[in-house]
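# with the input below, show me the fold.
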Amino acid sequence: MPSTACSRSRAVIHLAAQVLLLTIVLFSPGALRAQEASPEATNPDVTVFDFTDLGSYGSADGYASYAVGTRSCNRGSTPLNWCDQNNNGCAAGATPTDHPVIAQNLYRLKSGRFEQVGMSWLKHGFVSTNSTTPGCTGAGGQTCTQPPEGGDQLGVGCTDPYQASLNSSRPLGRRSEVDASTGEFPLPNSPGGPYTVYDQRIRVATSDMDAAQNPGALYFAEAQYVAPDDAIAGNGLNNASYQRVTVGGPPGYSIGETGSFFEGSSAIEAWPAQDVLVERVNADVPGSVPLQRFQVARKVTNPSPGLWHYEYAIRNHNSDRAAQEFAIDFPDGTSITNAGFSDIDSHSGEPYSPTDWTIAVDAPTSVVSWTTETFATNPNANALRWATMYNFWFDADSELPLSHTLTLFKPGTPADVVFLAENAIFVDGFESNSTTAWSATVP
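Numbers count the residues shown, from 1 in each chain. Below you'll find the model as predicted:
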């Protein structure tokens with residue numbers, strides 16, 4: 001049976017796309033990065049300035065273990081709270097929950113598909129060194145200014161390094177306890193344990209790292225800060241950064257840095273950077289304050305006359321409402337085949353279900369959908385949550401979808417986010433394989 005999003009009429013979907021749910025502008029990757037990382041942010045604005053180092057901790061039980069060392073930079077106009085969660089000192093008006101948490105991820109580009117293959121728990125910040133690092137400046141080019149509360153704040157234009165050994169030092173914190181849109185979380189957190197070599201760290205199946213099983217694959221590490229005062233100020237959209245990494249051989253499959261570092265850009269930006277056929281669009285939750293964002297990338301190829309192959313990657317940047325369904329509407333009579341799905345499982349005792357999303361093709365309406373359980377049915381369902389990316393793919397004998405709908409997981413208004421509707425597509429309908437011929441039409 002088709003899901004709720006599949007069964008609603010196209011007229012309603014198109015009206016929602018044009019009037020109620022979302023105003024979309026398609027951007028080049030460079031414009032998207034500029035939108036997400038303003039150099040003149042007001043209030044605190046923390047970014048991952050660079051990676052200090054990468055940690056590789058061996059393998060066990062078919063999993064390799066990693067960590068990313070991160071250097072934060074406050075590019076805003078006021079200090080960022082960095083309060084010790086043990087309440088050993090806080091800025092005036094701050095509490096022990098007023099500090100950043102750090103998520104770490106690993107991605108793989110293989111055979112035209114960009115997937116998340118690893119994720120960690122969270123490092124809770126506890127003190128800032130307020131160091132001066134060339135290139136890190138605050139609003140107006142301000143260099144490092146020591147904040148009034150010392151190590152309980154990150155000063156404007158200042159950096160703070162957390163080595164991989166620190167970001168992998170357990171116990172770490174659960175992602176499930178953090179609202180990434182506001183930066184809020186409870187204390188004390190639930191530490192988990194006992195630990196194998198990979199528990200709470202970036203856990204990756206060794207089969208996903210082995211060169212013989214992944215010929216030609218490229219890998220990318222990502223880290224993301226979430227901080228309450230940064231999020232509430234509306235500066236949470238540039239908090240992830242990435243860099244390409246190399247992978248060694250068995251048994252440890254150690255990783256190393258290579259190439260440029262991309263501050264303020266999520267790793268999903270690596271896909272269009274590596275492949276000119278990939279397009280990117282942001283799908284924001286209308287009316288959300290602070291703004292909740294999903295990042296969408298897709299690649300459409302024409303492997304044979306009359307057949308198109310679609311690859312989608314959707315990353316939840318900071319939406320606490322998460323997503324439970326992705327549906328794509330095609331013109332009536334479109335044949336849709338070979339639909340697939342991949343995700344990244346939470347681990348080390350996180351409560352979330354690992355069950356894959358159910359794939360359905362409704363032939364009468366030519367809608368393909370991927371669905372997990374609703375929040376009402378299972379609050380710990382396998383929803384697409386923050387700092388996590390899922391993949392969707394299929395073949396179709398039509399090159400132009402009518403619309404795309406993400407159904408949100410947690411209750412609220414709106415229920416859906418509609419993007420890439422039929423009046424917001426490439427002007428050439430992908431026929432030239434041009435990624436510069438963006439449509440100027442905005443729904």
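# can you show me the strands along the stretch 101-250 of the chain?
101-110, 113-119, 123-124, 153-154, 159-162, 202-205, 218-226, 240-247 (DSSP state E, counting those that start in this stretch).
# what lines up beside the fourth one in the sheet?
Looking back up the chat, that one is strand 153-154. Using DSSP bridges, the strands paired with strand 153-154 in its sheet are strand 80-81 (antiparallel).
# contacts for the strand it pairs with, please.
44-46, 74, 90-91, 94, 98-100, 152-154, 227-230 (C-beta atoms under 8 Å, 6 or more residues apart in numbering). From N, CA and C alone the C-beta is placed, and that goes for glycine too.
# show me where the stretch 251-400 of the chain has its strands.
255-262, 278-284, 293-304, 307-316, 323-329, 336-342, 358-362, 367-371, 388-396.
# give me the residues contacting the last one.
Contacts of strand 388-396 from elsewhere in the structure, counted by C-beta under 8 Å, 6+ apart, are 105, 107, 113-116, 119, 268, 307-316, 326, 330, 334-344, 357, 368, 370, 384.
# and that strand, which strands flank it?
strand 307-316 (antiparallel), strand 336-342 (antiparallel).
# direction included, what does the following helix or strand past it pair up with?
Counting by DSSP states H and E, the next helix or strand C-terminal to strand 388-396 is strand 403-408. If you go by DSSP bridges, strand 403-408 pairs up with strand 323-329 (antiparallel), strand 416-419 (antiparallel).
# out of those strands, which gets the lowest mean score?
Note on those: lowest mean pLDDT is at strand 416-419, with a mean of 95.
# can you give the distance of that one from its chain's centre?
Centre-to-centre, strand 416-419 and its host chain are 17 Å apart (C-alpha atoms, centre = their mean, to the nearest Å).
# how's this protein carved up into domains?
1-37+266-443, 38-264 (automatic domain parsing).
# mean neighbour count, those: which tops it?
domain 38-264 (a mean of 20; mean count of other C-beta atoms under 10 Å).
# what about that domain, average pLDDT?
For domain 38-264, the per-residue pLDDT averages 95.
# over to stretch 421-429?
For stretch 421-429, the per-residue pLDDT averages 44.
# distance of Thr405 relative to Ala67?
37 Å (C-beta to C-beta, to the nearest Å).
# the residue nearest to Phe419 when sequence neighbours are not counted bridge partners, please.
Computed as C-beta to C-beta, 6 or more residues apart in numbering, the closest residue to Phe419 that is not its neighbour in sequence is Ala283, at 4.2 Å. Beta-bridge partners recorded for Ala283 (DSSP bridges): Phe294.
# check contacts around Ala283.
Taking C-beta under 8 Å, 6+ apart, one finds 22, 24, 293-296, 314, 404, 406, 417, 419 in contact with Ala283.
# CSV for these, including distance to Thr246?
Putting the contacts of Ala283 into CSV (distance: C-beta to C-beta, whole Å) gives the following:
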residue, distance to Thr246
Leu22, 39
Ile24, 37
Arg293, 30
Phe294, 30
Gln295, 25
Val296, 28
Ile314, 27
His404, 35
Leu406, 34
Val417, 36
Phe419, 35
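# which of these lies closest to Ala223?
Gln295 (15.8 Å; C-beta to C-beta).
# isn't Tyr63 up against Thr206?
Yes: between Tyr63 and Thr206 there is a contact under C-beta atoms under 8 Å: 6.5 Å.
# now for the longest strand seen in the chain, which elements pack on it?
Counting residues, the longest strand found in the chain (DSSP state E) is strand 46-60. The helices and strands touching strand 46-60, judged by 3 or more C-beta pairs under 8 Å, 6 or more residues apart in numbering; DSSP states H and E, are strand 63-74, strand 159-162, helix 164-167, strand 218-226, strand 240-247, strand 255-262.
# next, the angle from the first one to strand 46-60.
Think strand 63-74. Counting by axes from the mean of the first three to the mean of the last three C-alpha atoms, to 10 degrees, strand 63-74 lies at 170 degrees to strand 46-60.
# could you check the angle strand 63-74 makes with strand 218-226?
50 degrees.
# may I have strand 63-74 exported as PDB, CA atoms only?
What follows is strand 63-74, C-alpha atoms only, in PDB (Å, rounded to 0.1, in the frame of the first residue of the first chain):
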ATOM      1  CA  TYR A  63      34.900  -2.800  12.500                       C
ATOM      2  CA  ALA A  64      37.700  -0.200  12.300                       C
ATOM      3  CA  SER A  65      37.800   2.600  14.800                       C
ATOM      4  CA  TYR A  66      38.700   6.300  14.200                       C
ATOM      5  CA  ALA A  67      38.600   9.800  15.600                       C
ATOM      6  CA  VAL A  68      39.000  13.300  14.200                       C
ATOM      7  CA  GLY A  69      41.000  16.000  16.000                       C
ATOM      8  CA  THR A  70      39.300  19.400  15.700                       C
ATOM      9  CA  ARG A  71      40.300  23.000  16.000                       C
ATOM     10  CA  SER A  72      37.400  25.400  16.700                       C
ATOM     11  CA  CYS A  73      37.300  29.000  15.600                       C
ATOM     12  CA  ASN A  74      34.900  31.700  16.800                       C
END
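# what's it packed up against?
So strand 63-74, by 3+ C-beta pairs under 8 Å, 6+ apart, packs with strand 46-60, strand 101-110, strand 159-162, helix 164-167, strand 202-205, strand 218-226.
# how far does the longest one sit from its chain's centre?
So the one you mean is strand 46-60. The answer for strand 46-60 is 17 Å, by C-alpha atoms, centre = their mean.
# stretch 199-209 now?
Taking C-alpha atoms, centre = their mean, the mean C-alpha location of stretch 199-209 is offset from the chain mean by 18 Å.
# can you check stretch 201-218 too?
For stretch 201-218, the distance to the chain centre is 20 Å (C-alpha atoms, centre = their mean).
# ok, stretch 70-86 next?
The answer for stretch 70-86 is 21 Å, by C-alpha atoms, centre = their mean.
# also stretch 163-171?
Using C-alpha atoms, centre = their mean, the offset of stretch 163-171 from its chain centre is 21 Å.
# pretty sure Arg170 is touching Asp199, no?
Yes: contact criterion C-beta under 8 Å: Arg170 and Asp199 qualify, at 7.2 Å.
# who touches both of the two?
Gly193.
# pretty sure Ala267 sits against Gln224.
No: with contact defined as C-beta under 8 Å, Ala267 does not reach Gln224; the gap is 9.5 Å.
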